[in-house]
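Novice: Build me a structure from this.
(3 chains)
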Amino acid sequence: MYENLNSMQREAVFCTEGPLLILAGAGSGKTRVLTHRAVYLIEEKGVNPYHILAITFTNKAAEEMRERIDKLVGFGSESIWVSTFHAACVRILRRYIDRLGYDNHFTIYDTDDQKSLMKDVCKNLQIDTKVYKEKMFLGVISSAKDELVSPEEFTRRAVGDFVKEKQAEVYREYQAQLHKNNALDFDDLIVKTVELFRHDAEVLNNYQERFRYIMVDEYQDTNTAQFELIRLLADKYRNLCVVGDDDQSIYKFRGANIRNILNFEEIYPDAKVIKLEQNYRSTQNILNAANFVIANNVGRKPKSLWTENSEGEKINFQRLDSAFEEADYVVRDIQKKVREGKCSYGDCAILYRTNAQSRLFEERFVVSNTPYRVVGGVNFYARKEIKDLLAYLKTIDNGRDDLAVRRIINVPKRGIGAATLGRVQVYATEMDISFYNALKMADDIPSIGRAGIKIKPFVTLIQSIRSKLEYLGVSQILQEVIDETGYVKELEAENTDEAKARIENIDELISKAVAYEDSAEEPTLSGFLEEVALVADIDSLQQGNDYVVLMTLHSAKGLEFPNVYLAGMEDGLFPSYMTIISDDPMEIEEERRLCYVGITRAMTKLTLSCARQRMIRGETQYNKVSRFVKEIPGNLLGGAESGQGEARELPARSFRQAGSKVNPIFTVGNAQSKPYQKKPYQSTSFSSNATNSISLEYGNGDRVKHIKFGEGTVVQIVEGGRDFEVTVDFDRVGTKKMFASFAKLKKV
DNA sequence: GTTAGAAACAATCCT
DNA sequence: TGTTTCTAAC
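Specialist: Just a heads-up that it's a prediction; the model follows:
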């Protein structure tokens, strides 16, 4: 098993005791090393899997690692903890956070929640949000938490500085509000776990004894708080193995502290350092380009990647007249390659710097009927209808989450307005009780008068569903909420495309709840809510689907594709305007690392593209070719304008006047997708070579079984684009319409 | 208390 | 250009 590893990889696998730093270049097989290392620990060293902790960067990476270990060892892999920092912390906090004075049923606030909480905080403190933006405070607080700076510490450091004192005040109040709502934000998950370990020796010792072997992937992206967490855990047995690449550090904005990797040997003087420099992924040309680009950074650990792979094709560089044409070129190029049998759609990825760039590509994909998928952008769980329903679940689960209660108190409309809510809030504050508890006592609040009659049904609703918690599953509770509130009914009545898309989203949420019940060992409402809070869009990306994927360079980290397009290679876009005008030269270096990450995603073919002219927020910009393109020697490049990018105007291009509308197809008014709408491609059917088109194993009149609704008879099947809409008359629950891919009906 | 239309505003990247 | 907030009319 260990023979397919090279000597360096083997050394890393066999070095199990003591601190170990693995500097693993892009594509050098670090995931293989980590999985084999886990296997080696279990099989050769006789380590109980129970004693192993592996931290990955995304849930997807965690899943993959677990699967791979699973394949290599017969049994026991399920008792290894493989998870992200955040997921691991939630698991620990669910058990012990009561020791920090929180309730174990805490809720997790996402960015939206944080924003509305901050709004309240600013209102309470009478801060003019025109002068000091909520976003600024949230940014400051987040950075403080990344660095483990508590509100008290922050306050101490702020003395004498007017603005900082204000920030400290906000930080304190924000934290107090979170506590009052029994909620944690993302950063708190890490901070509170560190706090717990520092504050409670018994708990710390518990976990130190458990996690005798610790591995951390993507170590260059850990922040100070995460480092401290790991340091505490590893302090007893000191079997800490971290894997990273300083050249791929791209999360400074999230607090990633590059010193963690650069100073590892100072913190652990007895650390062993192993470098993995052989690349197995890319062609010579691609790797050379990456090496030339990254060589322009100063202050990196010296290393040189090499490969035994062939030279491969030249890197294709294209400079188009406009962003429309850029999108058009890329999509056509993909289709050409697929037609020629050079690759499949699933081999292709389009990577860009900003999410906004995806739109033009989407439009081209839609009109050309090409299967694609956008990763990132608006999170599924951030959509209004989903957040509404989740707010109901949160209220049922944790009555102390004021934010959730206030979100849904008037959804659907109950005629309770801002004035009433204000009065309830005043009462709650005076009595020092939660918003929900104040609602329960609506009758006793003199100021609200008749409005109390409107509040009562809401409280009764929540109480009645809450009383069913004991014997109903998560999906049934969700269904109960939907039925009792009439949420879906109201949408059905609207009968618009938008409403239909929302209903479809809700159906998907139900499926997710069902799936959760099936997979979790001990399904609980809290468990479901936290799983939902911690998923990233990238987690759902599956291998083997035949569609082109579009995503930001950040999301692409850790992935690889045979055919990669880096779009928007323009100064001002990539590197971004913000980093160009910044006076900190390190910011450009981070962009360059991002470029390095992008280039090294490609296995056989890499295309760089840019546009002379592009519309950004309604304004037309004329950008120069990205400086990163110019850092690649001309002999590695091919394409329309190879060599030293500065464009000579080719005569063939000037037939079209600058600024004129390029192609009427792009200007169709309603072509843009709004976040709640179905993505355009979902309503058009794919051409026949798309492999994910489904066929049904049942037909009209057949008896089928649904995981939740039980058995029933198929009444109608309507083909709706990529999916079938199936109407089933269920024996127990009556007639339901559903989409075949969500419903997972089984013929009986 | 609700709604639609107008005006203001925004600058990446993400668990 | 796209989204959020404000304002005025119902």
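Novice: use CA for all of it now, contacts and neighbours both
Specialist: Noted.
Novice: Now A:Val728. Nearest residue, chain neighbours left out?
Specialist: A:Val714 (4.4 Å; Cα to Cα, 6 or more residues apart in numbering).
Novice: got the contact list for that neighbour?
Specialist: Residues near A:Val714 by Cα atoms under 8 Å, 6 or more residues apart in numbering: A:699-704, A:726-729.
Novice: let's see it at 10 Å
Specialist: Neighbour list for A:Val714: A:698-705, A:726-730, A:735-737, A:747 [criterion: Cα atoms under 10 Å, 6 or more residues apart in numbering].
Novice: hmm, which of these are the buried ones?
Specialist: The neighbour count (16 or more other Cα atoms under 10 Å) marks A:703-705, A:726-730, A:747 as buried among the contacts of A:Val714.
Novice: Of those residues, just say which sits nearest to DNA strand B.
Specialist: Of all these, the one sitting nearest DNA strand B is A:Thr727; the distance, using Cα to the nearest atom of the strand, is 30.2 Å.
Novice: Tell me, how many residues neighbour the closest residue to A:Gly377 other than its chain neighbours?
Specialist: Nearest-residue entry for A:Gly377: A:Asn355, 6.1 Å, with adjacent residues in sequence omitted and distances by Cα to Cα, 6+ apart. The burial count assigned to A:Asn355 is 17, neighbours taken as other Cα atoms under 10 Å.
Novice: Pull up the gap between A:Asn355 and DNA strand C, please.
Specialist: Applying Cα to the nearest atom of the strand, to the nearest Å, the value for A:Asn355 to DNA strand C is 11 Å.
Novice: cool, and A:Gly639?
Specialist: When distance is defined by Cα to the nearest atom of the strand, A:Gly639 is 29 Å away from DNA strand C.
Novice: which residues sit in contact with that residue?
Specialist: When the contact criterion is Cα under 10 Å, 6+ apart, the partners of A:Gly639 are A:314-319, A:607-609.
Novice: what does the stretch 351-500 of chain A have sitting close to DNA strand B?
Specialist: Listed as neighbours of DNA strand B in the stretch 351-500 of chain A under the rule Cα under 7 Å from any atom of the strand: A:353-356, A:376-377, A:410, A:413-420, A:451.
Novice: Can you pick out the ones from those residues that are in helices?
Specialist: Secondary structure from DSSP state H places A:418-420 of these in helices.
Novice: residue ranges for the helices of the stretch 451-600 of chain A, please.
Specialist: Taking DSSP state H, counting those that start in this stretch as the criterion, the stretch 451-600 of chain A contains helices spanning A:452-466, A:474-485, A:487-494, A:497-519, A:525-534, A:577-581, A:585-599.
Novice: Now do the buried residues in the third one.
Specialist: Taking 16+ other Cα under 10 Å as the basis for neighbour counts, the residues of helix A:487-494 that come out buried are A:487-488, A:491.
Novice: quick one, it and helix A:497-519 angle?
Specialist: Calculated by axes from the mean of the first three to the mean of the last three Cα atoms, to 10 degrees, helix A:487-494 forms an angle of 150 degrees with helix A:497-519.
Novice: I'd like to know how many residues surround A:Glu711.
Specialist: Residues within reach of A:Glu711, counting by other Cα under 10 Å, total 21.
Novice: Now the phi/psi pair for it, please.
Specialist: Taking degrees, to the nearest 10, you get phi -90, psi 160 for the backbone angles of A:Glu711.
Novice: if I look at it, how far off is A:Leu509?
Specialist: Applying Cα to Cα, to the nearest Å, the value for A:Glu711 to A:Leu509 is 21 Å.
Novice: that older thread, buried among the ones in helices among the residues of the stretch 351-500 of chain A next to DNA strand B? Make that a PyMOL selection.
Specialist: Taking 16+ other Cα under 10 Å as the burial criterion, the selection of buried members of these in PyMOL is written as:
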select buried, chain A and resi 420
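Novice: List the contacts of A:Gly27.
Specialist: Contacts of A:Gly27 by Cα under 10 Å, 6+ apart are A:276-282, A:287, A:305, A:307, A:558-560, A:600-603.
Novice: switch to 6 Å and redo it
Specialist: Remark: with contacts taken as Cα atoms under 6 Å, 6 or more residues apart in numbering, A:Gly27 is in contact with A:279-281.
Novice: check whether the helix or strand harbouring A:Leu229 contacts DNA strand B.
Specialist: Assigned by DSSP states H and E, A:Leu229 belongs to helix A:224-234. No. Contact between helix A:224-234 and DNA strand B is absent, the nearest approach being 10.8 Å (criterion: Cα under 7 Å from any atom of the strand).
Novice: buried set for that helix?
Specialist: Along helix A:224-234, the positions that meet the burial threshold by neighbour count (16+ other Cα under 10 Å) are A:224-230, A:232-234.
Novice: that older thread, DNA strand C: which of the helices of the stretch 451-600 of chain A is closest?
Specialist: helix A:497-519 (13.3 Å).
Novice: Around DNA strand B, which positions in the stretch 201-350 of chain A sit nearby?
Specialist: Applying the criterion Cα under 7 Å from any atom of the strand, the portion of the stretch 201-350 of chain A that neighbours DNA strand B consists of A:251, A:253-254.
Novice: Mind doing that once more with 6 Å?
Specialist: If contacts are counted using Cα under 6 Å from any atom of the strand, the residues of the stretch 201-350 of chain A sitting beside DNA strand B are A:253-254.
Novice: So which bits of the stretch 551-700 of chain A are right by DNA strand B?
Specialist: In this structure, the stretch 551-700 of chain A approaches DNA strand B at residues A:552, A:554-555, A:576, A:578-579, A:617, judged by Cα under 6 Å from any atom of the strand.
Novice: ok, residues contacting stretch A:502-513?
Specialist: Outside stretch A:502-513, the residues that touch it by Cα under 6 Å, 6+ apart are A:Ser475.
Novice: can you dump the C-alpha coordinates of that stretch into CSV?
Specialist: Output of stretch A:502-513 as CSV, limited to C-alpha atoms (Å, rounded to 0.1, in the frame of the first residue of the first chain):
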residue,chain,number,x,y,z
ARG,A,502,-39.7,29.1,-3.7
ILE,A,503,-42.0,26.2,-3.2
GLU,A,504,-39.4,24.1,-4.9
ASN,A,505,-36.8,25.4,-2.5
ILE,A,506,-39.0,24.5,0.4
ASP,A,507,-39.4,21.0,-1.0
GLU,A,508,-35.7,20.7,-1.1
LEU,A,509,-35.5,21.8,2.5
ILE,A,510,-37.9,19.0,3.4
SER,A,511,-35.7,16.5,1.5
LYS,A,512,-32.7,17.8,3.4
ALA,A,513,-34.5,17.3,6.7
